[in-house]
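A.B. asks: What follows is a predicted protein model with its sequence.
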2 protein chains.
Amino acid sequence: MTLSELSLKEYLVEQTRFVDQELDRLMPGEDTPPETIHKAMRYSLFAGGKRIRPVLCLEAARAVQGGDVDGAVTVACTLEMIHTYSLIHDDLPALDNDDLRRGRPTSHKMFGEAMAILAGDSLLTYAFEVLGRVGDARLVEELARASGTVRGMIAGQVHDIEGEKQTPTAELLDRIHRAKTGALLKCSLRLGAIHAGATAEQLDAISAYGEHIGLAFQIVDDILDVTQTSEQLGKTAGKDAEQHKITFPAVYGLEQSNAMAEEQRVLSHEALAMFGTRARRLHELADLVVDRRS
Amino acid sequence: MTLSELSLKEYLVEQTRFVDQELDRLMPGEDTPPETIHKAMRYSLFAGGKRIRPVLCLEAARAVQGGDVDGAVTVACTLEMIHTYSLIHDDLPALDNDDLRRGRPTSHKMFGEAMAILAGDSLLTYAFEVLGRVGDARLVEELARASGTVRGMIAGQVHDIEGEKQTPTAELLDRIHRAKTGALLKCSLRLGAIHAGATAEQLDAISAYGEHIGLAFQIVDDILDVTQTSEQLGKTAGKDAEQHKITFPAVYGLEQSNAMAEEQRVLSHEALAMFGTRARRLHELADLVVDRRS
């Protein structure tokens, strides 16, 4: 059976396996000295993540090329390293102070705070070592920018921390979300497209899709934090409200937040028009992101 | 007056100015939102560092090319970003818990722990954004490897933390030093040489020089921690002994440590033979590293 014949569920299991296998190949083994840091890196990296960013990267490459692209899975893995580093540092006592992540103790609970800080640093650093080996400096610049302080992921974290003291407005919410989750999701798609040799038009279309599903993703995440239990989430529920975070339900209410997620679903489908059936999985993934609510 | 006519002292002042100017050009301004993170990045980056790594990078490029190399100062600045990130994270309460750095409050004392963690992450990330823009993926791979967990800077920090519980042996000391300080110093020289288009032989010679002055640097640092006051050091003196760190004086005693620094001085001069007078400043810098003791 080829990849395209699989149901979405089977496809996601298969892609997760594909990404996990490459991550395992790329990461230093647990017996590589100093052992502790490599154990800590692998502990968080192989904690049952859904590999959404790598899969988006792989599918963007496929939408552009019409088939698998050499080395795309290696590029895809660097996104998971960056995402995992951000979770480890976010969970630290000085930041969100979370004990539980994906149903398991967080890195600092498991390895101590010093090692958790270094494990985050290490995953961040290693993502760039891998991209350096891939040999395309454009990918390095894109990933660093999306992870950085000017409209990138760290900007989102800073806005998030400082937002706790501010009035929740639509404008602030937009700024936080675009940086915090949106930048890296969009970057996941752009890296895949660039690696596959996308034209400027293709890259624009992929980026627009990325903006829309990024926004949908954050809206749905915020909704889930209000409506689900900790057990369902695999992390502590209700933390956003408790920490007075600026979220979509807090600014727009639940009903309008749901409508906004639907709107982004429609726009993300429209952005993919030029790719035809090559973008089939990207269409399915947009639906999946929004339908996590139900 | 040309650069080569300056005394070593004048030359270092001039080079620090040259590097600081480029750093200022590269870094987002303090009024770029989110302001706090850019203030924190600049606070630590412009804290009066001696820019040893950037200067080594620039001089390696000059030794190879016989003159200034376009863009070498941009490459050089990324080494200072990495070095500064490592200091910020090293100083955190969970690691060395230092309140004072270069005579000023450390980042977490000034901006709080959350922002200090993010400022370190940001400088690390930004170094790669800048190298990505330079456009040579080999430089990215070199810098990431030297900063990483397998014989790189983070490996050194982990060995350092874990070493506190271990018997100080010559072998462990060698492993810690090579990773902790040696890797990034050697990398500083290699980045400059690679950027300048070094041959394999030139790169080997520059790397050997880097190993010797790296070792000299660490030996002298360890000696100074024992023999100088906090005021002279601009940071808390005697911390190594207090934390039972594995240092050269602890393993070899002061007298033999001094002799070892002298030996590395001689070897670093010898490694530069093929560059003739083009390596004049590298010779002077080797002497400077060792003579900090007096």
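C.D. replies: Perfect, I can see it now.

A.B. asks: Just say helix, strand or coil for residue A:47.
C.D. replies: Classification of residue A:47 by DSSP: H, G, I helix; E, B strand; the rest coil places it in coil.

A.B. asks: Could you pull up the residues touching it?
C.D. replies: Counting by C-beta atoms under 8 Å, 6 or more residues apart in numbering or on different chains, residue A:47 makes contact with A:101, A:102, A:104. Heads up, the C-betas are built off the backbone N, CA and C, glycines and all.

A.B. asks: And the strands in the stretch 151-294 of chain A?
C.D. replies: For the stretch 151-294 of chain A, strands defined by DSSP state E, counting those that start in this stretch do not occur.

A.B. asks: tell me which parts of it are close to chain B?
C.D. replies: Applying C-beta under 8 Å from any C-beta of the partner chain, we find that the stretch 151-294 of chain A lies next to chain B at A:152, A:154, A:155, A:157, A:158, A:159, A:161, A:162.

A.B. asks: pLDDT at the first one, what is it?
C.D. replies: Translated: residue A:152. Note on residue A:152: pLDDT of 96.

A.B. asks: Correct me if wrong: it contacts residue A:179.
C.D. replies: Yes - judged on C-beta atoms under 8 Å, residue A:152 makes contact with residue A:179 at a distance of 6.1 Å.

A.B. asks: just the contacts of residue A:47: which has the poorest pLDDT?
C.D. replies: Ranked by pLDDT, the contacts of residue A:47 bottom out at residue A:102, which scores 83.

A.B. asks: quick one: that residue from residue B:156, how far?
C.D. replies: Residue A:102 sits 30 Å away from residue B:156, going by C-beta to C-beta, to the nearest Å.

A.B. asks: the more surrounded of those two?
C.D. replies: residue B:156 (25 against 14; other C-beta atoms under 10 Å in any protein chain shown).

A.B. asks: Counting by contacts, list what the longest helix seen in chain A packs against.
C.D. replies: Criterion DSSP state H: the longest helix present in chain A is helix A:200-227. Applying 3 or more C-beta pairs under 8 Å, 6 or more residues apart in numbering or on different chains; DSSP states H and E, one finds that helix A:200-227 makes contact with helix A:52-65, helix A:170-177, helix A:183-195, helix A:230-233, helix A:239-242, helix A:248-271, helix A:280-291.

A.B. asks: buried residues in that helix?
C.D. replies: A:202-203, A:205-226 (16 or more other C-beta atoms under 10 Å in any protein chain shown).

A.B. asks: Give me the most central residue, chain A.
C.D. replies: Centroid check for chain A by C-alpha atoms, centre = their mean gives residue A:53 as the closest residue, at 4.7 Å.

A.B. asks: That residue and residue A:76 touch, don't they?
C.D. replies: Yes - the criterion here is C-beta under 8 Å, and residue A:53 meets it with residue A:76 at 7.5 Å.

A.B. asks: Are there residues contacting both of the two? Which ones?
C.D. replies: residue A:188.

A.B. asks: Just give me the neighbour total for residue A:95.
C.D. replies: So residue A:95, with other C-beta under 10 Å, has 18 neighbours.

A.B. asks: Could you pull up the contacting residues of it?
C.D. replies: By C-beta under 8 Å, 6+ apart, the neighbours of residue A:95 are A:89, A:157, A:161, B:114, B:117.

A.B. asks: Pick out whichever of the residues you listed sits closest to residue B:7.
C.D. replies: residue B:117 (41.3 Å; C-beta to C-beta).

A.B. asks: from what I can see that closest one touches residue A:90, true?
C.D. replies: No - Residue B:117 is beyond contact range of residue A:90, at 9.7 Å (criterion: C-beta under 8 Å).

A.B. asks: Between those two, which is the more surrounded one?
C.D. replies: residue B:117 (26 against 21).

A.B. asks: Just the angle for the helix or strand hosting that one relative to helix A:113-134, thanks.
C.D. replies: Per DSSP states H and E, residue B:117 falls inside helix B:113-134. Note on geometry: by axes from the mean of the first three to the mean of the last three C-alpha atoms, to 10 degrees, helix B:113-134 and helix A:113-134 are set 10 degrees apart in direction.

A.B. asks: Output the contacting helices and strands for the next helix-or-strand element following helix B:113-134.
C.D. replies: Per DSSP H and E, the first helix or strand lying C-terminal to helix B:113-134 is helix B:137-147. With contacts taken as 3+ C-beta pairs under 8 Å, 6+ apart, helix B:137-147 sits against helix A:113-134, helix A:137-147, helix B:72-91, helix B:113-134, helix B:153-163, helix B:183-195.

A.B. asks: can you redo those helices as TSV with distance to residue A:66?
C.D. replies: Written out in TSV, the entries for the helices and strands packed on helix B:137-147 read as follows (distance: least, C-beta to C-beta, whole Å):
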stretch	distance to residue A:66
helix A:113-134	21
helix A:137-147	21
helix B:72-91	38
helix B:113-134	28
helix B:153-163	40
helix B:183-195	37
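
A.B. asks: Would you single out the least confident of these?
C.D. replies: The weakest mean pLDDT among the helices and strands packed on helix B:137-147 belongs to helix B:153-163, with a mean of 88.

A.B. asks: Mind giving me the packing neighbours of that one?
C.D. replies: Under the contact criterion of 3+ C-beta pairs under 8 Å, 6+ apart, helix B:153-163 touches helix A:35-45, helix A:113-134, helix B:72-91, helix B:137-147, helix B:170-177, helix B:183-195.

A.B. asks: change it to 7 Å
C.D. replies: Applying 3 or more C-beta pairs under 7 Å, 6 or more residues apart in numbering or on different chains; DSSP states H and E, one finds that helix B:153-163 contacts helix A:35-45, helix A:113-134, helix B:137-147, helix B:170-177.

A.B. asks: deepest of those, which one?
C.D. replies: Stretch with highest mean neighbour count among the helices and strands packed on helix B:153-163: helix A:113-134 (a mean of 26; mean count of other C-beta atoms under 10 Å in any protein chain shown).

A.B. asks: Do that helix and chain B come into contact?
C.D. replies: Yes - judged by C-beta under 7 Å from any C-beta of the partner chain, helix A:113-134 comes into contact with chain B at A:113-114, A:117-118, A:121-122, A:124-126, A:128-129, A:131-133.

A.B. asks: and the stretch 1-150 of chain A, which of its residues are near chain B?
C.D. replies: Contact residues, the stretch 1-150 of chain A versus chain B (C-beta under 7 Å from any C-beta): A:28, A:32, A:34, A:36-38, A:89, A:92, A:94-95, A:113-114, A:117-118, A:121-122, A:124-126, A:128-129, A:131-133, A:135-137, A:140-141, A:144-145, A:147-150.

A.B. asks: repeat that for 6 Å
C.D. replies: Taking C-beta under 6 Å from any C-beta of the partner chain as the contact definition, the stretch 1-150 of chain A meets chain B at A:28, A:34, A:37, A:89, A:94-95, A:113-114, A:117-118, A:122, A:124-125, A:128-129, A:132-133, A:135, A:137, A:140-141, A:144-145, A:147-150.
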